[in-house]
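Peer 1: Here is a sequence together with a model predicted from it:
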Amino acid sequence: MTMVCHRPEGLEQLEAQTNFTKRELQVLYRGFKNGPHTPPCVSLSFPQECPSGVVNEETFKQIYAQFFPHGDASTYAHYLFNAFDTTQTGSVKFEDFVTALSILLRGTVHEKLRWTFNLYDINKDGYINKEEMIDIVKAIYDMMGKYTYPVLREDTPRQHVDVFFQKMDKNKDGIVTLDEFLESCQEDDNIMRSLQLFQNVM
């Protein structure tokens, strides 16, 4: 298998595009390439397998498995990887990683919600349907394992989603648009608190 080397865009350009300073970007890039030297504030520590500056989905899943040893993180890692891989190339470059991290750590509420909508929109058709929302919520429950719930009933994720989807699907057409998602999240504290769970597992 050939190793594809990737040189990131200039730091000045990334500094302009993100909420990170040049120094922070240098530290993040070192962590992205070398893994163990990643500072504690960065929740993803990329291992030695990516000296090329590119991470594939399998490596991404292995990383997440380390953080959630009591659950199964593979499905959530798959969805998260797809959200990071904005160009759908099957790999996450440093630019993809740092752009998403910038939004999730330092973006506005609106930017974070847009990014989250993109994560939930699994098939990238511009809408979230109930099954997509159930898939993501179930993946989070699976990943958190026994620490999320003492006894998980099989229908818990679906019940959770039923309540939220009913609130979000304003015109009752069976799908949630970006506008409906943004409006619902910003006017309902319960939904915002649930989305904080997602932020924490990022």
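Peer 2: Received it, and whenever you're ready, just let me know what you need. Numbering: from 1, shown residues only.

Peer 1: Quick check: mean pLDDT of stretch 144-160?
Peer 2: What stretch 144-160 shows for mean pLDDT is 69.

Peer 1: do stretch 100-112 as well
Peer 2: The model assigns stretch 100-112 a mean pLDDT of 90.

Peer 1: Using the three-state scheme, assign residue 173.
Peer 2: Secondary structure assignment for residue 173 (DSSP: H, G, I helix; E, B strand; the rest coil): coil.

Peer 1: since we're on it, how many residues are nearby?
Peer 2: Neighbour count of residue 173, defined by other CB atoms under 10 Å: 10. (C-beta placed from N, C-alpha, C; glycine too.)

Peer 1: now the one 3 residues further on
Peer 2: Residue 176 has 25 neighbouring residues, counting by other CB under 10 Å.

Peer 1: Quick check: bridge partners of it?
Peer 2: residue 128 (DSSP bridges).

Peer 1: correct me, but it touches residue 165?
Peer 2: Yes. Using CB atoms under 8 Å, residue 176 is in contact with residue 165, at 6.9 Å.

Peer 1: list residues touching both of the two?
Peer 2: Contact with both residue 176 and residue 165 is made by residues residue 133, according to CB atoms under 8 Å, 6 or more residues apart in numbering.

Peer 1: the helices in this structure, which residues?
Peer 2: In the chain, the helices defined using DSSP state H lie at 11-17, 22-34, 57-67, 74-84, 94-106, 109-120, 130-144, 156-168, 178-187, 189-201.

Peer 1: counting contacts, what elements does the shortest one pack onto?
Peer 2: Read that as helix 11-17. The contact analysis (3 or more CB pairs under 8 Å, 6 or more residues apart in numbering; DSSP states H and E) places helix 11-17 against helix 22-34, helix 94-106.

Peer 1: What of the fourth one?
Peer 2: Counting contacts by 3+ CB pairs under 8 Å, 6+ apart, the secondary-structure elements packed against helix 74-84 are helix 57-67, helix 94-106, helix 109-120, helix 130-144.

Peer 1: Just the CA coordinates for stretch 88-95, please, in PDB.
Peer 2: C-alpha atoms of stretch 88-95 as PDB (Å, rounded to 0.1, in the frame of the first residue of the first chain):
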ATOM      1  CA  GLN A  88     -15.600  12.700   0.600                       C
ATOM      2  CA  THR A  89     -12.100  11.400  -0.400                       C
ATOM      3  CA  GLY A  90     -11.900   8.700   2.200                       C
ATOM      4  CA  SER A  91      -9.200  10.600   4.200                       C
ATOM      5  CA  VAL A  92      -9.100  13.500   6.600                       C
ATOM      6  CA  LYS A  93      -6.400  16.100   5.900                       C
ATOM      7  CA  PHE A  94      -5.000  18.400   8.600                       C
ATOM      8  CA  GLU A  95      -7.000  21.300   7.000                       C
END
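
Peer 1: Give the buried residues for it.
Peer 2: For stretch 88-95, the neighbour count (16 or more other CB atoms under 10 Å) marks 91, 92, 93, 94, 95 as buried.

Peer 1: between the residues you listed, which is nearest residue 160?
Peer 2: Taking CB to CB as the measure, residue 92 is the one of those closest to residue 160, at 28.5 Å.
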